[in-house]
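**Q** Need coordinates for the following:
(3 chains)
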Amino acid sequence: MMTRTPEPATEHTFYLNLGPQHPSTHGVLRLFVKLDGEYVMEVDPIIGYGHRGHEKMAESHFYEQFLPNTPRMDYLSGMLFNHAYVAAVEKMAGIKAPPRAEYIRVICAELNRVASHLMWLGAYLMDLGGVTPFFYAFDDRENILDILDRVSGSRLTYNYCRFGGVARDIDDIFIEATRDFVKRLRGRWKDYNNLVTKNVIFIHRTRDVGVIDKDLALRFGCTGPVLRGAGVPYDVRKAEPYSVYGEMDFDIPTGDNGDAFDRYMVRLLEMEQSLRIIEQALDRLPDGPVTTPTPRKVRPPKGDYYFAAETARGALGYYIVSDGSECPYRLKVRVPSYGNLQTLTEILPGTLVADTICILGSIDIVVPEIDR
Amino acid sequence: MSSEDLKRALEKIVEPSSVHARDYERNGCLLEIGAEPGQLPAIARAARDAGFFLEFITAVDFADGPVAVYQFNECETISRTQVKVQLAREESLPSIGSVYDAALWYEREVFDLFGIRFDNHPDLRRLLLPEDADFHPLLKEYGKVHAFRSARDIYDDQDA
Amino acid sequence: MAVEKIAPGPRVHLAVLDEVLNLCRANSLWPMTFGLACCAIEMMATGASRFDLDRFGAAVFRPSPRQSDLMIVAGTISKKMAPTIVTLWEQMPAPKWCMAMGNCAISGGPFEFEGQYAIVPGADLLVPVDVYVPGCPPRPEALIQGFLSLEDKITKGERRNVIRRFKKSAGKNR
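**A** Predicted coordinates for the structure are as follows:
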């Protein structure tokens, strides 16, 4: 579907549609590129193929009815989106979840972060042509999904957090399975390093490719591994601690150059930090209830509120305008992939088509969260 | 490079009475400014010079006209700053795309969903809806919504 | 033409040829990579190590519609995407089948609400759907069951029985 009439192509230039149906665009993204041979001259990312009207839906649904929408925006960080929305509305309405529920939320959120990074790893390497890491990564990810499935009932689109706590308590099998998983994944880092990090083809394809430096990242409002790969140690879990992240001890890995390899290393090291957080949360897990009594329909006081959280892709924000009733007046979701994707308009021109796929994959976008 | 610097810079641009401190613990925002459309490019430049990045631009539709909301944030300290611009129907805003590249898509999205035009935007076309769509879905008069109020209804009663 | 009763030996039964062809088609369905939203991830998980779609002959996901014979509509169809789906369906060569995976592809799923403006509530409004796999998202086991149902449909219920029937009919004329 043409969005504008392109200028007539010269002898060597032509227009190519990458997407919206493409194995490597990670969703329904369309990159309208102008190519000169194999080099990209201009790129116009066209989004909206996954627009489902979440924000309009919020204006006619109760706060509770919007809960299932939250994991479907970024389905790979479903638990993180769900947690952030519930925490946002709890803050608005003055509801406090019990400590055990907060620790459970953090454990599930960090498990989800690891699952998202593993999925990214598998898909990214598959885009670059290496199919083996896909199977390794998905095998590990299935263990996480088993653990989360057991407690929330869903493998992908979790609706586990509730206003005032979580839907059901975890049991000893969950705790044991999580500890086993942490131990098992730690033993796998050697495999991933041998297979991917030290792989000479991978290094050649990602070193100095798609460099997003600090200035570019801040101009486009990038957050997450894109910004941390550029050397800025900004993580909402440290900058504005929410839930029980303030009590956890973890590092923020950063890169030096901002190239695709740095972003890969940042995500790999972030997974280890998430495992540290999970272990600490399991050690400190208090006893007690997992819900507090909340009104059946939450009616936060009038005003506008903003709540920030860190998902696997960057800084998420819920901007909610409440008119005192049981439906939000306006709900805007600030998603991390929005700014991250826009950088393509500046870093893609001049690269080869094959590098385009590499750069797009290294930014790690999920298109339905951009489209909402 | 902090919210104090930004506050001082902004007080030179807008009237000091429109600069409010907000309760960060409650609202997630440290500073809120009410601005006129013409002051936006200067505000954006002040934010960029103070080292802030653009978090988002959006709008909220009210009975007396939409309110455009700009939010800036910084990496080192908690200094989230919100700029609100009350618009009349059919009023347009100047684009800050020349200051923040991130604004280009946010402004296209606001145009797409609310119909607010941005002057001097290099490429103002629809972002999320099909190119040939002829409606702006997030306006309250479109579709089904729970409430349609005026801005004073909400903002006058909120905690400062 | 009278069929002579000759000594037991090979005969050309076109009906049997059809069944054999259908069996081959059913056991080597090549899906097109067409993930639109969340269901795409469960589709990838079905093709991955634990659930392994390859044992049903269906793990050769082709990016090009010209090389595939199954379109799995996995995810919500937005109005912007709808013409693309029809174009892709028309580009696929016959025989082709379509599977609507997930509630969004069946009937709009959670995004069909009063006053919705963005989605097409169901893939069968655009293309002829053969198998519906409900779920939000459907578990990989459900998707595999969808595949097996499609194989049943292609072989007209005879997926598991066609070899036996062939043997039985050969034995009758012995």
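
**Q** Please name the residues that touch C:Asp52.
**A** Residues near C:Asp52 by CB atoms under 8 Å, 6 or more residues apart in numbering or on different chains: C:Ala59. Every C-beta, even on glycine, is put in place using the N, C-alpha and C of the backbone.

**Q** looking at it, A:Val366 is touching A:Ile47, isn't it?
**A** No - using CB atoms under 8 Å as the test, A:Val366 is too far from A:Ile47 to be in contact (11.6 Å).

**Q** Check the gap between C:Lys79 and C:Pro110 for me.
**A** Distance of C:Lys79 to C:Pro110, computed by CB to CB, to the nearest Å: 17 Å.

**Q** Of A:Val366 and A:Ile47, which one has the most company?
**A** A:Val366 (29 against 26; other CB atoms under 10 Å in any protein chain shown).

**Q** what stretches of the stretch 151-300 of chain A score poorly on pLDDT?
**A** For the stretch 151-300 of chain A, no stretch has pLDDT under 70.

**Q** burial measure for B:Glu131, as a count.
**A** 13.

**Q** Test my guess that it contacts C:Lys79.
**A** No - using CB under 8 Å, B:Glu131 makes no contact with C:Lys79, being 11.6 Å away.

**Q** Could you verify my assumption that B:Pro137 touches C:Lys79?
**A** No - if you go by CB under 8 Å, B:Pro137 and C:Lys79 don't touch, sitting 11.3 Å apart.

**Q** Common neighbours of these two, please.
**A** With CB under 8 Å, 6+ apart, B:Pro137 and C:Lys79 have common neighbours C:117-118.

**Q** From the neighbour counts alone, determine which of those two ranks first.
**A** For the pair B:Pro137 and C:Lys79, the greater number of neighbours falls to B:Pro137 (21 against 16), based on other CB under 10 Å.

**Q** Just say helix, strand or coil for that one.
**A** Of the three states, B:Pro137 takes coil under DSSP: H, G, I helix; E, B strand; the rest coil.

**Q** what's the answer for A:Asp304, then?
**A** strand.

**Q** got the CA positions of the helix or strand hosting A:Phe307 in PDB?
**A** Assigned by DSSP states H and E, A:Phe307 belongs to strand A:303-311. Output of strand A:303-311 as PDB, limited to C-alpha atoms (Å, rounded to 0.1, in the frame of the first residue of the first chain):
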ATOM      1  CA  GLY A 303      -6.100  14.100  38.300                       C
ATOM      2  CA  ASP A 304      -3.300  12.800  36.100                       C
ATOM      3  CA  TYR A 305      -0.600  10.400  37.000                       C
ATOM      4  CA  TYR A 306       2.500   8.900  35.500                       C
ATOM      5  CA  PHE A 307       4.100   5.700  36.500                       C
ATOM      6  CA  ALA A 308       7.400   4.500  35.000                       C
ATOM      7  CA  ALA A 309       8.700   0.900  34.900                       C
ATOM      8  CA  GLU A 310      11.500  -0.900  33.200                       C
ATOM      9  CA  THR A 311      10.500  -3.600  30.700                       C
END
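
**Q** what is the orientation angle of the helix or strand just after that strand with strand A:303-311?
**A** For strand A:303-311, the succeeding helix or strand toward the C-terminus, using DSSP H and E, is strand A:314-322. For strand A:314-322 against strand A:303-311, the angle by axes from the mean of the first three to the mean of the last three CA atoms, to 10 degrees is 160 degrees.

**Q** quick one: average pLDDT of the helix or strand following strand A:314-322?
**A** Next helix or strand after strand A:314-322 toward the C-terminus (DSSP H and E): strand A:328-334. What strand A:328-334 shows for mean pLDDT is 92.

**Q** now check strand A:328-334, is it near chain B?
**A** Yes - Strand A:328-334 reaches chain B (CB under 8 Å from any CB of the partner chain) through A:329-330, A:332, A:334.

**Q** that older thread, the strand holding A:Phe307 - what's its average pLDDT?
**A** pLDDT averaged over strand A:303-311 gives 91.

**Q** is that strand anywhere near chain B?
**A** Yes - Strand A:303-311 comes into contact with chain B (CB under 8 Å from any CB), by way of A:303-308.
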